[in-house]
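>>> coordinates only, sequence not included:
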């Protein structure tokens, strides 16, 4: 009598964007800090301002390099 092939069952949890349920609990951390109006404004606007400042600095640096290269050649 021949052995039948039994397919191994999957016992690993699915992960990624298409997983149906999230097994791990979500951890949320909150800061309870008394801030003044300026500190509160900085806390809410910090990330976009840092990204924008970095972009402006990068574009300025590249522009300066191009200007110096042109000035050196001519």
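Looks like it arrived, so ask away. Keep in mind the model is a prediction, meaning the values are calculated, not measured.

>>> what's around residue 17, how many residues?
Using other C-beta atoms under 10 Å, residue 17 has 4 neighbouring residues. Bear in mind the C-beta positions are built from the backbone N, C-alpha and C, glycine included.

>>> Pull up the gap between it and residue 41, please.
Residue 17 sits 35 Å away from residue 41, going by C-beta to C-beta, to the nearest Å.

>>> Could you report the neighbour count for residue 31?
6.

>>> Check the spacing between it and residue 8 real quick.
From residue 31 over to residue 8 (counting by C-beta to C-beta), the distance is 48 Å.

>>> Also residue 60?
Distance from residue 60 to residue 8, by C-beta to C-beta: 59 Å.

>>> now residue 37
Counting by C-beta to C-beta, the gap from residue 37 to residue 8 is 62 Å.

>>> try residue 47
When residue 47 is compared with residue 8 (using C-beta to C-beta), they lie 47 Å apart.

>>> So which bits of the helix or strand containing residue 38 are buried?
For residue 38, the host element (DSSP states H and E) is helix 37-73. By neighbour count on 16 or more other C-beta atoms under 10 Å, the buried set for helix 37-73 is empty.

>>> Just give me the neighbour total for residue 29.
4.

>>> Helix, strand or coil: sort out it for me.
Look at residue 29: counting by DSSP: H, G, I helix; E, B strand; the rest coil, its state is coil.

>>> Go ahead and flag the most central residue of this protein.
Against the mean C-alpha coordinate of the chain, by C-alpha atoms, centre = their mean, the closest residue is residue 47 at 11.1 Å.

>>> What residues does that residue make contact with?
Residues near residue 47 by C-beta atoms under 8 Å, 6 or more residues apart in numbering: none.

>>> And residue 55, how far from residue 66?
With C-beta to C-beta as the criterion, residue 55 and residue 66 are 17 Å apart.

>>> Likewise for residue 51?
For residue 51 relative to residue 66 (C-beta to C-beta), the value is 23 Å.
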